[in-house]
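> Got a sequence here, can you model it:
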Amino acid sequence: MVTVVDKYDQAVAVGTVEMDETEILTYRHGLAVRVTHPIYHVPSFRETPEFKDSYIYNQSFPSIVTGLVLDPQPGEIVVDLCATSGGKTGHIAQLMENKGKIIAVDWNAEKVKRLRETIT
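Sure, this is the predicted structure:
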């Protein structure tokens with residue numbers, strides 16, 4: 001059993017050693033300590049009421065960058081050809097201040113249903 005400390009020597013967890021010192025310094029990757037008792041618990045944002053009530057939408061970094069690179073302006077027309085669940089479509093609408101037109105397309109009817117649920 002070992003105590004895991006942060007850079008200020010404050011305990012943040014207790015765990016069991018999986019690698020010895022030589023392995024840690026040689027490989028510099030892999031599991032060195034298996035945490036068994038974390039001191040702090042950070043809840044998943046998916047467990048929060050805000051996420052469950054759809055105030056938070058989980059979106060991948062590339063999807064976020066897509067909207068930012070596109071830089072849609074109010075009044076423009078945007079075509080989203082892989083609209084899937086609506087994350088990029090909703091983000092683009094926000095960037096356009098909900099002023100403009102977005103044509104969101106997907107080939108799968110179930111995905112289009114999810115898109116409608118997401119953006120309404």
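> can you map out the strands along this protein?
Using DSSP state E, the strands of the chain run over residues 2-5, 11-17, 33-38, 77-80, 101-104.
> buried residues in the longest one?
Neighbour-count burial for strand 11-17, with 16 or more other Cβ atoms under 10 Å as criterion, is recorded at 13, 15. Where you see a C-beta, it was placed from the backbone N, CA and C, and this is true even at glycine.
> Quick check: mean pLDDT of it?
In this model, strand 11-17 carries a mean pLDDT of 93.
> And the contacts of it?
1-6, 32-40 (Cβ atoms under 8 Å, 6 or more residues apart in numbering).
> In those, find the pair that's most separated.
A32 and Y40 (19.2 Å; Cβ to Cβ).
> Out of the strands of the chain, flag the one nearest L95.
strand 77-80 (9.4 Å).
> was I right about G75 contacting I102?
No: counting by Cβ atoms under 8 Å, G75 does not reach I102; the two are 12.0 Å apart.
> Please identify which of the two sits among more neighbours.
Per other Cβ atoms under 10 Å, whichever of G75 and I102 has more neighbours is I102, with 19 against 10.
> who's that one bridged to?
Beta bridges link I102 to V78 when assigned by DSSP bridges.
> which ones are touching it?
Contact analysis of I102 by Cβ under 8 Å, 6+ apart lists 77-80, 89, 92-93, 96.
> Would you mind listing which of the contacts of strand 11-17 are buried?
Among the contacts of strand 11-17, those buried by neighbour count (16+ other Cβ under 10 Å) are 32-33.
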